[in-house]
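Peer 1: all I have is the shape, not the residue letters:
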């Protein structure tokens, strides 16, 4: 899978805190709303089976990856289940190397310019700037000026109100958690319709700022 699929999508939807039996319905709603890239967090119960099911059901339509991956062992499990990218909140060089060994997309979590360069020099395809909301879009623009070669995916605190600012600052894509896929104990038809609508709104916002 190529990195430009994530760039074209512009949005990585983060599915966290949901029961395994609800996740396929959530991904379907995201797909119907126009989102094409989904991260299933590694702390999901029976996450390997969930990734495998999602990868099979949405093959050719959605890019399914694993998130909150802290070590190479977890990365390997997710990749064996069918994950096409590894999205991490931290920088672990062995996780990058293992991900690339299996031909998948590596997106480690970074915050400082030094971490960004270290990640990129060790094979990362892009970097997850996390938590992005601490310094906002201005920070992305500031670090993009000296490091334009490093694709950046701000995550944490991205909302419909500021997503355009992040893209104008130079973001390749953004990671969207609770602002898109809010946590709930009841994934029913109203929730899924709301999710589909929010997904469509975020997709439209990305399109509005792209050439």
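Peer 2: Happy to help now that I have it. Because the structure is a prediction, the values reported are computed rather than measured.
Peer 1: so which bits of stretch 122-141 are buried?
Peer 2: 122, 124-130, 132, 136-137, 139-140 (16 or more other CB atoms under 10 Å). Just so you know, the C-beta spots here come from the backbone N, C-alpha and C atoms, and that holds for glycine as well.
Peer 1: okay, buried residues for the longest helix seen in the chain please.
Peer 2: In the chain, taking DSSP state H as the definition, the longest helix is helix 189-209. By 16+ other CB under 10 Å, the buried positions in helix 189-209 come out as 191, 192, 195, 196, 198, 199, 202, 203, 205, 206.
Peer 1: now do stretch 179-187
Peer 2: Result for stretch 179-187 [16+ other CB under 10 Å]: buried residues 179, 180, 181, 187.
Peer 1: and if you look at stretch 85-101?
Peer 2: 85-92, 95-96, 98-100.
Peer 1: one more: stretch 140-158?
Peer 2: Under the neighbour-count criterion of 16+ other CB under 10 Å, stretch 140-158 has 140, 143-144, 147, 150-158 buried.
Peer 1: with stretch 11-24 instead?
Peer 2: Those would be 11, 12, 13, 14, 15, 16, 18, 22, 23, for stretch 11-24 by 16+ other CB under 10 Å.
Peer 1: can you redo the residues you listed as CSV with pLDDT?
Peer 2: Shown next, in CSV, are those (pLDDT from 0 to 100):
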residue, pLDDT
11, 98
12, 98
13, 98
14, 98
15, 98
16, 96
18, 95
22, 97
23, 98
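Peer 1: among the residues you listed, which one sits closest to residue 2?
Peer 2: residue 12 (14.8 Å; CB to CB).
Peer 1: where does that closest one land in three-state SS?
Peer 2: The three-state label given to residue 12 by DSSP: H, G, I helix; E, B strand; the rest coil is strand.
Peer 1: that one touches residue 40, doesn't it?
Peer 2: No - counting by CB atoms under 8 Å, residue 12 sits too far from residue 40 to count as a contact (11.0 Å).
Peer 1: no further questions, thank you.
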